[in-house]
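[1] got a sequence here, can you model it:
(one chain, ligands or ions: 3)
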Amino acid sequence: MKVVKFGGSSLGDAKRIKIAAEIIRSDKTSRFVVLSAMQGVTNQLIEAALLASKGELLYKTIFESLKQLHLDTINQLVTNNESFTLKILIPMFEELEEILHGIELLQDCTPRTKDLVMSFGERLSCQIVSFYLSSIYDSVEYIDSRDIIKTDENFSSAAVLFEESNTLIVNRLANLSRTYIITGFIGSTLKGITTTFGRNGSDYTASIIGSALSVDSVEIWTDVDGVLSADPRIVPNAYVIPELSMEEASEMAYFGAKVIHPYTLHPLIEKKIPCWIKNTFNPSFSGSVIKDNCINHEPGTITAIASIDNVSSLNIIGSGLIGLPGMTSKIFLVFAKLGINIIMITQASSEHSLCVLCRTEDAHRAREQMETDLKESFQSHYLREIEIRDNLEIVAVIGDKMKGTPGISGRLFSALGNNKINIQAIAQGSSERNISFVIDSSDKKLAINAVHETFLRPKDIP
Ligand code: ADP
Ligand code: ASP
Ligand code: MG
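    Numbers count the residues shown, from 1 in each chain. Ligands and ions are numbered 1, 2, ... in the order given. Take a look at the predicted model:
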């Protein structure tokens, strides 16, 4: 038994949907199919909601083009679709139109409303694909994942309530003679309000379902041949990593490798369920497998490079940072209070400063809140100032085999130095699986290619 997941890149138009459907149909073990929205749809839904919230009527044009895209797609997939279109698609578009109109009237779009708007992407694609599949073979059932995945109320990045969800999943997906087409990316609170798991969240849906059902494997079907040694848009000669460990892949996802959502592997680790990354447009290629106990992976000391952009650093400076117990915890409390994710922290023991890296969109509100909440520390001069630097990039080199291998940092920083790249901060996880460094965004391409060239030249790999 397996869960297969197709991303938006595999669902761009009717032609691509047919290719994905053939993969589903030809493998009788793929009974649980998780789908994303059609390519570009989530972005357009967000754009429409944003424009409506500013009172800009251009949102109506986006709405019409989304409607047209889905109607064209169903027309190209199934000739006889009148009743389906009238009963299912048209009412969904009527509802979406009303919600967008509501946003326009209120000139406000809360994270809760935005999650509801985004949910239309997956609901529409899954309805269309299940109708298409049921026109070519039997026993296909559409499943709205909001009925089986329960979450907290943290809209746009909801946490799954596994106990409740696992029971619902096992009970609802019990008929093993069926093919279930399940909406990715979305869940709902215990009160039934729509939530989402953050961008790219359909990968996570696949692993939540796979873990609940203890399947043999999860397959993520996308538009590249597997997990690559670096982002192929940055490093054109990046190559496929045939096998990598759960920890390595988690690090890659956390550090921005878009190919899987950062939480994807968590539900699979405990049950040791392998996760395959495969290419919908090259299905005979073996792809990459992410698995527990991966002893067989690439020779060489690092496995891959990943990076996060739109990062800012907050350099918090003051004598209170040395020798005054509790100061660091007060600082971190501010980030926790605002729900801001800290991506990386560095502190040199001799310095009166702490460097915290987070998303640029969060940095300025973090500073404002710190200036308010830690006012006394500023007044008593334990804290002097908080400097913000924008336009930064965190690059991570990742590999299980780095542990205990001397000389990697030396080679890494020489490669960067030789290319005159200035490094603003460095951190190494205690697992020794990851060395991260911070550079100016403008150096990103040069730095990543220099590091790839140093450690990951395809000719080094036998
Ligand atoms: P999907 O729509 O299938 O979910 P995504 O666009 O979310 O696809 O993810 C696949 C894309 O991730 C690839 O097309 C590739 O450009 C990008 N990517 C970034 N880093 C990596 C990596 N290390 N390995 C593979 N793909 C990567
Ligand atoms: N449709 C959502 C997004 O674009 C979820 C996904 O594709 O995994 O982020
Ligand atoms: Mg994706």
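
[2] C-alpha only now, for contacts and for neighbours.
    OK.

[3] would you state the strands of the stretch 51-200 of the chain in chain order?
    Per DSSP state E, counting those that start in this stretch, the stretch 51-200 of the chain carries strands over the ranges 140-143, 150-151, 179-183, 186-189, 194-196.

[4] ok, which of these comes nearest Ser353?
    Nearest to Ser353, of all these, is strand 194-196, at 36.7 Å by Cα to Cα.

[5] what residues does that closest one touch?
    With contact meaning Cα atoms under 8 Å, 6 or more residues apart in numbering, strand 194-196 is reached by 112, 115-116, 119, 146, 151, 153-158, 185-189.

[6] and these, which are buried?
    By neighbour count, with 16 or more other Cα atoms under 10 Å, the contacts of strand 194-196 hold 112, 115-116, 119, 146, 151, 153-158, 185-189 as buried.

[7] and the pLDDT for the residue of the stretch 301-450 of the chain at minimum distance from ligand 2?
    Proximity to ligand 2, evaluated over the stretch 301-450 of the chain using Cα to the nearest ligand atom, is greatest for Ile308 at 16.4 Å. Note for Ile308: predicted pLDDT of 95.

[8] helix, strand or coil: sort out it for me.
    Here Ile308 is strand, with the state taken from DSSP: H, G, I helix; E, B strand; the rest coil.

[9] wait, it sits on Ala253?
    No. The criterion here is Cα atoms under 8 Å, and Ile308 misses it with Ala253 at 9.9 Å.

[10] still on that earlier bit, ok, and of the buried ones among the contacts of strand 194-196, which contact ligand 2?
    Near ligand 2, judged by Cα under 6 Å from any ligand atom, the entries from the buried ones among the contacts of strand 194-196 are Phe185.

[11] narrow the buried ones among the contacts of strand 194-196 to those in helices?
    Using DSSP state H, the subset of these located in helices is Arg112, Asp115, Leu116, Ser119.

[12] show me what contacts the spatially most central residue of the chain?
    Nearest residue to the geometric centre of the chain (Cα atoms, centre = their mean): His261, 3.0 Å. By Cα under 8 Å, 6+ apart, the residues touching His261 are Arg199, Asn200, Gly201, Ser202, Asp203, Tyr204, Ala253, Tyr254.

[13] kindly report the same for Leu168.
    Leu168 neighbours (Cα under 8 Å, 6+ apart): Asp147, Ile148, Ile149.

[14] select from those residues the one having the most neighbours.
    Among the contacts of Leu168, Ile149 has the most neighbours (other Cα atoms under 10 Å), with 26 neighbours.

[15] and the gap between that residue and His261?
    For Ile149, the distance to His261 equals 17 Å [Cα to Cα, to the nearest Å].

[16] the host helix or strand of Val3 vs strand 179-183, what angle?
    Per DSSP states H and E: Val3 is located in strand 2-6. Inter-element angle recorded for strand 2-6 and strand 179-183: 50 degrees (by axes from the mean of the first three to the mean of the last three Cα atoms, to 10 degrees).

[17] what mean pLDDT does strand 2-6 get?
    pLDDT averaged over strand 2-6 gives 97.

[18] any bit of it sitting next to ligand 2?
    No. Using Cα under 6 Å from any ligand atom, strand 2-6 never reaches ligand 2; the gap is at least 8.7 Å.

[19] ok, stretch 219-236 next?
    No. Stretch 219-236 does not reach ligand 2 (Cα under 6 Å from any ligand atom); its nearest approach is 10.3 Å.

[20] okay, how far is it across that stretch, tip to tip?
    25 Å.

[21] around ligand 2, pick out the residues from the chain.
    So the chain meets ligand 2 at Gly7, Gly8, Ser36, Ala37, Thr42, Phe185, Arg199, Asn200, Gly201, Ser202, Asp203 (Cα under 6 Å from any ligand atom).

[22] closest one to Arg389 out of those residues, please.
    Arg199 (25.5 Å).

[23] look up how far Lys375 lies from that closest one.
    As for Arg199, its distance to Lys375 is 36 Å (criterion: Cα to Cα).

[24] equivalent analysis for Asp115, please.
    Noted for Asp115: a distance of 36 Å to Lys375, by Cα to Cα.

[25] and if you look at Ile234?
    From Ile234 across to Lys375, the span is 43 Å (Cα to Cα).

[26] next: Val259.
    43 Å.

[27] who has more neighbours out of the two?
    Just comparing Val259 and Lys375: by other Cα under 10 Å the higher neighbour count belongs to Val259, 22 against 13.

[28] ramachandran coordinates for the more buried one?
    With angles defined as degrees, to the nearest 10, Val259 sits at phi -60, psi -30.

[29] nothing else from me, thank you.
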